[in-house]
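Chemist: output the structure for:
(one chain, ligands or ions: 1)
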Amino acid sequence: MAAARVKETLQSATSVKEYTLAFVLRNNEDGAQILLGTKKRGFGLGKLIGFGGKIEPSDASVADAAARELMEEANIVVRGSDMQPVGSLVYTFENQPQVMHMHVFVATAFEGEPAESDEMRPEWFQCDAIPYDDMWADERFWLPALLEGKTVVGQFDFAQDEVTIVASKFDIA
Ligand SMILES: COc1nc(N)nc2c1ncn2[C@H]1C[C@H](O)[C@@H](COP(=O)(O)OP(=O)(O)OP(=O)(O)O)O1
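Modeler: Below you'll find the predicted structure:
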């Protein structure tokens with residue numbers, strides 16, 4: 001089971017960094033849409049991604065950390081209580097001791113109009129036309145399931161190029 005692999009990786013890693021990743025969904029006259037952002041700086045520059053980042057010691061909870069990142073990166077308000085936990089994913093990178101542990105959320109209730117920040121340029125996409133080629137390589141394997149209301153637990157091991165997935169193990173439920 002993927003959960004066992006995740007547990008083993010987290011327990012044996014010399015360093016684990018905790019992250020959030022949140023996807024905001026809406027329904028309008030065009031159908032189901034997802035909010036993604038183009039990363040304007042740093043890790044993942046130029047990629048289309050969900051919204052998130054490192055969990056800070058000042059965050060009251062992981063869900064609050066996800067809500068804070070949505071405010072900072074997309075200028076929208078989502079209450080921590082409206083953050084639905086939908087996944088736990090671990091990422092390793094060849095020749096790097098640090099492991100990323102990502103807590104994945106979906107939110108359907110939000111306030112405000114998404115607006116560009118220093119870090120991200122938000123944009124709505126049709127859920128049936130997500131440009132996976134512009135996203136992290138792992139997302140095509142599990143995001144469609146999340147959009148169907150499922151959850152994901154797993155691990156993706158990336159090569160040094162941060163593009164090639166050399167191994168993966170994940171369960172969708
Ligand atoms: C490595 O593969 C990844 N796959 C996916 N699906 N998403 C990823 C991957 N690597 C990073 N992300 C997402 C997860 C987070 O939401 C962001 C984190 O990126 P970022 O580098 O922006 O985080 P920080 O800038 O360190 O965090 P702060 O915003 O707190 O400064 O990308």
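
Chemist: mind checking what secondary structure residue 144 has?
Modeler: helix (DSSP: H, G, I helix; E, B strand; the rest coil).

Chemist: residues contacting it?
Modeler: residue 130 (C-beta atoms under 8 Å, 6 or more residues apart in numbering). C-beta coordinates here come from the backbone N, C-alpha and C atoms, glycine included.

Chemist: longest strand of this structure?
Modeler: Ranked by residue count under DSSP state E, the longest strand found in the chain is strand 15-28.

Chemist: ok, which residues in the chain are in contact with the ligand?
Modeler: Contacts of the chain with the ligand, taken as C-beta under 6 Å from any ligand atom, map to 19, 21, 42-44, 49-50, 52-54, 69, 91, 102, 136, 138-139, 158.

Chemist: in helices only, show me the residues you listed.
Modeler: Taking DSSP state H, the ones among the residues of the chain next to the ligand that sit in helices are 69, 139.

Chemist: generate a PyMOL selection restricted to the buried subset of the residues of the chain next to the ligand.
Modeler: To isolate the buried ones among the residues of the chain next to the ligand in PyMOL, judged by 16 or more other C-beta atoms under 10 Å, type:
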select buried, resi 19+21+49+50+52+53+69+91+102+136+138+139+158
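
Chemist: for residue 147, give its distance to residue 93.
Modeler: 27 Å (C-beta to C-beta, to the nearest Å).

Chemist: list the contacts for the residue nearest the centre of the chain?
Modeler: When C-alpha atoms, centre = their mean is applied to the chain, the residue found nearest the centroid is residue 21 (2.9 Å). Residue 21 makes contacts with 49, 50, 51, 52, 66, 89, 102, 103, 104, 105, as judged by C-beta under 8 Å, 6+ apart.

Chemist: what is the neighbour count of residue 131?
Modeler: Counted by other C-beta atoms under 10 Å, the residues lying close to residue 131 total 9.

Chemist: report pLDDT for it.
Modeler: Looking at residue 131, its pLDDT stands at 97.
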